[in-house]
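Participant: pasting the sequence and the predicted model now:
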Amino acid sequence: MVRERPGPGQAVSLAGRIASLATMVVLLSAHVGSPDTYYEGQAGPYRVRVIVRSPGVVPGLAQITVRLLEGGGATTVTVLPVYWDPRVAAPPPPDTARIVSGDSTLYAAALWLMTSGSYSVQVTVTGPSGRGTAVVPVQAIATRRLELQKPVAAGLAAFGAFLFFGALTIIAAAVREAPLAPGVEPDRGRVWRSRIASGVGGVMLLGVVLGGWTWWNAVDSGFARQIYQPLASTAAVRMDAGRAMLRFSIVDSAWRQHRVTPLIPDHGHLVHLFVVREGLGAFAHLHPVLVDSSNFDSALPPLPPGRYRVYADVTRESGFAETLSDTITLASPAGAWRMSDPDDAWWSGERGAGSGTLADGSRMSWETGGATLRAGQEAPLRFTVSAPDGRPAALE
């Protein structure tokens, strides 16, 4: 976000700041659960944009690009994955990113992520202005299983059949002809013994093949169980003393049986709830109160009727962050609203074309620069906030 500081007395209020967040979320939509990581910020004196594209499988090779946003000038750019594990004494040496041909501001590297869990990728830029490092949090999770391509499967099957029948031929020839002198023909008894040995060998080889098949299926099933699935959760609305209350519950058996690490506060709250109306005509950012280890309650603001998507951002003690989701339907406005948390906020109105008016009369604009958003392509998100008199506003 672009932050411009004007003269004294033009700071946007707390309500304005919260409404800014609401407006941003209403104006933008993103794919929840995307495994890729995007970061834009400072690496010391250098402003960088880092994109880490997840391999989707673990172990897997992550593709990393580092773009210098204020021109070139770097002599080296290195990337280093650091896994969250207190038992690890020291990380491996960093990899040097290579400059992309034809673009002096873009560097690329590939890093192996060997274990599922929370990583940080340390991006270090060295140049004429000195050395700076940015730390980018990354979640290494398996989100898919790579299918065996049919041509490869057919090739492996043919090669396996060749080895199988070749082994049977070697066994038969060894029993039938190995003890004989050169040029001597085997008798009928030796031929039958070779056939029996070949049959016994075939049964043994089939047992080996069956064992390998069983082992392969066990490994495949184990990997399938490790493919990431968000914790099962539910959202429901109930009335309590005339107030509409939203209860968000984590109902996953792994959570209730304490097989995953507990939650820790992120930005001062255990859970950040985003309630977004379909069509983006209303929005609420809430911070529910902990009822017990699995349930969280928050008072609903007077949102207009409709179907809403509920997203809960949580962070585990291991550093693993995820978004849980569900849907609710509101029949009528909740009436008087008493916030469950001082940072709660909501918004409803007409969806703007890249800009919106905040609660105190300030105006927030999305500076697209004329760029067209395309799925799967990076795009900068820059916003400006102007005070009611049109001058740049200061954001707290």
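Facilitator: Great, that's in hand.

Participant: can you list the buried residues in the longest helix along the chain?
Facilitator: In the chain, taking DSSP state H as the definition, the longest helix is helix 188-226. Buried residues in helix 188-226, defined by neighbour count with 16 or more other CB atoms under 10 Å: 194, 197-198, 201-202, 205. Quick note: C-beta positions are derived from backbone N, CA and C, even for glycine.

Participant: and which of those is nearest to residue 309?
Facilitator: Of all those, residue 205 has the smallest distance to residue 309: 55.9 Å, by CB to CB.

Participant: is that closest one in contact with residue 167, as I believe?
Facilitator: Yes - assessed by CB atoms under 8 Å, residue 205 is found in contact with residue 167 at 6.1 Å.

Participant: does residue 57 touch residue 144 like I think?
Facilitator: Yes - the pair residue 57 / residue 144 is scored as a contact, 6.6 Å apart, by CB under 8 Å.

Participant: re earlier: from the contact counts, what lies against the longest helix of the chain?
Facilitator: Helix 188-226 sits against helix 150-177, with contacts defined as 3 or more CB pairs under 8 Å, 6 or more residues apart in numbering; DSSP states H and E.

Participant: any stretches of the stretch 201-350 of the chain with poor pLDDT?
Facilitator: Scanning the stretch 201-350 of the chain for pLDDT under 70 picks out the ranges 334-335, 350.

Participant: please repeat the previous calculation with a cut-off of 50.
Facilitator: For the stretch 201-350 of the chain, no stretch has pLDDT under 50.

Participant: show me where it has strands.
Facilitator: For the stretch 201-350 of the chain, the strands defined by DSSP state E, counting those that start in this stretch occupy 233-240, 243-250, 272-277, 282-286, 289-290, 295-299, 306-315, 321-330, 345-348.

Participant: what of the stretch 1-150 of the chain?
Facilitator: For the stretch 1-150 of the chain, strands defined by DSSP E, counting those that start in this stretch occupy the ranges 37-43, 46-53, 60-68, 76-83, 95-96, 98-99, 106-113, 117-127, 130-140.

Participant: so for residue 348, which of these sits nearest?
Facilitator: strand 37-43 (28.8 Å).

Participant: and that closest one, what's its mean pLDDT?
Facilitator: For strand 37-43, mean pLDDT rounds to 89.

Participant: distance of the closest residue to residue 270 other than its chain neighbours from residue 126?
Facilitator: The shortest distance from residue 270 to any residue other than its chain neighbours is 5.0 Å, reached at residue 263 (CB to CB, 6 or more residues apart in numbering). Look at residue 263 and residue 126: by CB to CB, to the nearest Å, they are 38 Å apart.

Participant: repeat that for residue 261.
Facilitator: Going from residue 261 to residue 126 by CB to CB gives 36 Å.

Participant: equivalent analysis for residue 255, please.
Facilitator: From residue 255 across to residue 126, the span is 44 Å (CB to CB).

Participant: pretty sure residue 309 is touching residue 325, no?
Facilitator: Yes - the pair residue 309 and residue 325 passes the contact test of CB under 8 Å, sitting 6.6 Å apart.

Participant: returning to that earlier point: more neighbours, residue 57 and residue 144?
Facilitator: residue 57 (18 against 12; other CB atoms under 10 Å).

Participant: so what's that one closest to, chain neighbours aside?
Facilitator: Among residues not flanking residue 57 along the chain, residue 142 sits closest, at 5.3 Å (CB to CB, 6+ apart).

Participant: next up, the contacts around the one you found.
Facilitator: Residue 142 makes contact with 56-58, 60, 116, 223, 226-228, according to CB atoms under 8 Å, 6 or more residues apart in numbering.

Participant: distance to residue 341 added to the residues you listed, as a markdown table?
Facilitator: Output for those, formatted as a markdown table (distance: CB to CB, whole Å):
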| residue | distance to residue 341 |
| --- | --- |
| 56 | 36 |
| 57 | 39 |
| 58 | 36 |
| 60 | 39 |
| 116 | 33 |
| 223 | 41 |
| 226 | 36 |
| 227 | 35 |
| 228 | 29 |
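
Participant: now, among the residues you listed, which is nearest to residue 176?
Facilitator: If you rank the contacts of residue 142 by distance to residue 176 using CB to CB, residue 223 comes first, at 44.5 Å.

Participant: list the contacts of the closest one.
Facilitator: By CB under 8 Å, 6+ apart, the contact list for residue 223 reads 142, 145.

Participant: distance-wise, check it relative to residue 59.
Facilitator: Using CB to CB, we find residue 223 at a distance of 11 Å from residue 59.

Participant: walk me through the domains of the chain.
Facilitator: Annotated domains of the chain cover 35-140, 150-226, 233-386 [automatic domain parsing].

Participant: what about residue 41, how many neighbours?
Facilitator: When neighbours are counted by other CB under 10 Å, residue 41 registers 13.

Participant: report the beta-bridge partners for the closest residue to it other than its chain neighbours.
Facilitator: Excluding the flanking residues, the one nearest residue 41 by CB to CB, 6+ apart is residue 134, at 5.9 Å. Residue 134 has these beta-bridge partners by DSSP bridges: residue 123.

Participant: so what's residue 77 bridging to?
Facilitator: Under the criterion used (DSSP bridges), residue 77 bridges to residue 125.

Participant: make sure it is actually in contact with residue 123.
Facilitator: Yes - taking contacts as CB under 8 Å, residue 77 lies within contact range of residue 123: 7.0 Å.

Participant: need the residues touching each of those two.
Facilitator: Both residue 77 and residue 123 are in contact with residue 66, where contact means CB under 8 Å, 6+ apart.

Participant: residues in contact with the residue nearest the centre of the chain?
Facilitator: By CA atoms, centre = their mean, the chain has its centre lying nearest to residue 35, at 2.6 Å. Neighbouring residues of residue 35 by CB under 8 Å, 6+ apart: 54, 56, 139, 141, 143.

Participant: ditto for residue 167
Facilitator: 201, 205.

Participant: please apply the same query to residue 173.
Facilitator: residue 194.

Participant: now it: how far from residue 159?
Facilitator: The gap separating residue 173 from residue 159 is 21 Å, by CB to CB.
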